[in-house]
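Visitor: need a structure here:
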Amino acid sequence: MTADFAPTNLTHHFLIAMPGLKDELFGNSVVFLCEHTPRGAMGLIINKASELTVGELFDKVDLPLRRSELAEQQVLLGGPLQTDRGFVLHPAMGAVQAVGSDETPPAVARALREALAGLESDPESERGAPAPDEAQHKAVPALPSAYAASLKIAGSGLEMTSSRDVLEALSCGAGPAKMLLTLGYASWGEGQLESEIGENSWLTVDADPALIFDTPLAQRYEKAMALLGLQPWMLAPGAGHA
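Guide: Now for the predicted structure:
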């Protein structure tokens with residue numbers, strides 16, 4: 001195999017642990033990168049199960065779960081940081097979708113409608129407007145999220161939400177159609193991820209949402225490898241970066 005350098009921006013990519021990465025949490029892991037900038041990177045491990053199901057987590061936070069199809073879904077170990085906090089990865093939930101739901105609380109719906117009205121009356125409003133370095137690529141501002149604390153993941157159609165309101169929506173029987181819930185997240189400081197990739201700790205590949213939401217947990221590592229046309233046994237430790 002020949003060496004390869006990581007792209008400048010690995011947002012919406014999978015990091016796939018090389019077989020030689022010996023770490024209790026990161027070994028044999030697949031990480032979905034939610035953000036990658038020159039200052040560092042942040043992501044969620046998507047294939048390491050915690051001891052909790054979604055139903056059990058809702059019991060712990062004193063919320064009913066009126067989405068029975070999610071009750072037995074495993075809560076994941078998203079990374080070593082803030083492991084007492086939940087992070088929900090889900091398809092983007094714009095304000096129009098949220099307002100259209102019968103389950104949207106009236107106060108939330110009213111606030112979202114006001115936000116939309118502001119966008120319609122003032123196209124240059126900062127709410128939902130693209131960042132200066134993105135303005136030339138986006139003619140229409142993105143809609144605000146349905147949730148209070150959501151990171152829109154560039155180029156993916158996904159969001160990562162860390163506010164309780166997404167759990168409250170699920171508790172009402174609403175919320176995103178698909179989701180992955182983790183405890184904790186992973187992050188890298190400036191230049192750290194690039195250094196680890198250069199040391200052959202990680203393979204990188206464009207992320208596939210079907211692998212995140214539709215692939216059984218035990219198959220995600222091999223399926224992520226398959227996106228590169230590889231299988232784990234083909235990579236001896238230290239063999240190189242694909």
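
Visitor: Could I get the full set of strands for the protein?
Guide: All strands of the chain, identified by DSSP state E, fall at 13-17, 30-37, 40-45, 49-53, 74-77, 81-91, 150-153, 158-161, 180-188, 202-206.

Visitor: Is it possible to get these out as JSON lines so that each row also shows distance to Ser68 and mean pLDDT?
Guide: Every residue, glycine included, has its C-beta placed from N, CA and C. Formatted as JSON lines, those follow (distance: least, C-beta to C-beta, whole Å; pLDDT from 0 to 100):
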{"stretch": "strand 13-17", "distance to Ser68": "30", "mean pLDDT": "97"}
{"stretch": "strand 30-37", "distance to Ser68": "26", "mean pLDDT": "97"}
{"stretch": "strand 40-45", "distance to Ser68": "24", "mean pLDDT": "97"}
{"stretch": "strand 49-53", "distance to Ser68": "12", "mean pLDDT": "97"}
{"stretch": "strand 74-77", "distance to Ser68": "16", "mean pLDDT": "98"}
{"stretch": "strand 81-91", "distance to Ser68": "18", "mean pLDDT": "95"}
{"stretch": "strand 150-153", "distance to Ser68": "25", "mean pLDDT": "92"}
{"stretch": "strand 158-161", "distance to Ser68": "21", "mean pLDDT": "95"}
{"stretch": "strand 180-188", "distance to Ser68": "15", "mean pLDDT": "97"}
{"stretch": "strand 202-206", "distance to Ser68": "33", "mean pLDDT": "96"}
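
Visitor: most neighbours per residue, which of the ones you listed?
Guide: Counting by mean count of other C-beta atoms under 10 Å, strand 13-17 has the highest mean neighbour count of those, with a mean of 26.

Visitor: who does it pair up with?
Guide: Paired strands of strand 13-17, with direction, are strand 30-37 (antiparallel), strand 202-206 (antiparallel) (DSSP bridges).

Visitor: tilt between it and strand 40-45?
Guide: Interaxial angle of strand 13-17 relative to strand 40-45 (axes from the mean of the first three to the mean of the last three C-alpha atoms, to 10 degrees): 70 degrees.

Visitor: can I get the CA coordinates of strand 13-17 in PDB?
Guide: The C-alpha coordinates for strand 13-17 follow below in PDB (Å, rounded to 0.1, in the frame of the first residue of the first chain):
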ATOM      1  CA  HIS A  13     -15.800  11.000   7.300                       C
ATOM      2  CA  PHE A  14     -15.300   7.800   9.100                       C
ATOM      3  CA  LEU A  15     -12.100   7.100  11.000                       C
ATOM      4  CA  ILE A  16     -11.400   3.400  11.000                       C
ATOM      5  CA  ALA A  17      -9.000   2.100  13.600                       C
END
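
Visitor: Can you give the distance from it to the centre of its chain?
Guide: Offset of strand 13-17 from its chain centre (C-alpha atoms, centre = their mean, to the nearest Å): 13 Å.

Visitor: What lies in contact with it?
Guide: Residues outside strand 13-17 that contact it (C-beta atoms under 8 Å, 6 or more residues apart in numbering) are 7, 23, 26-33, 36, 43, 193, 201-208, 211, 221, 224-225, 227-228.

Visitor: Which residue ranges make up the domains of the chain?
Guide: Domain ranges of the chain: 13-88+183-234, 90-168, per automatic domain parsing.
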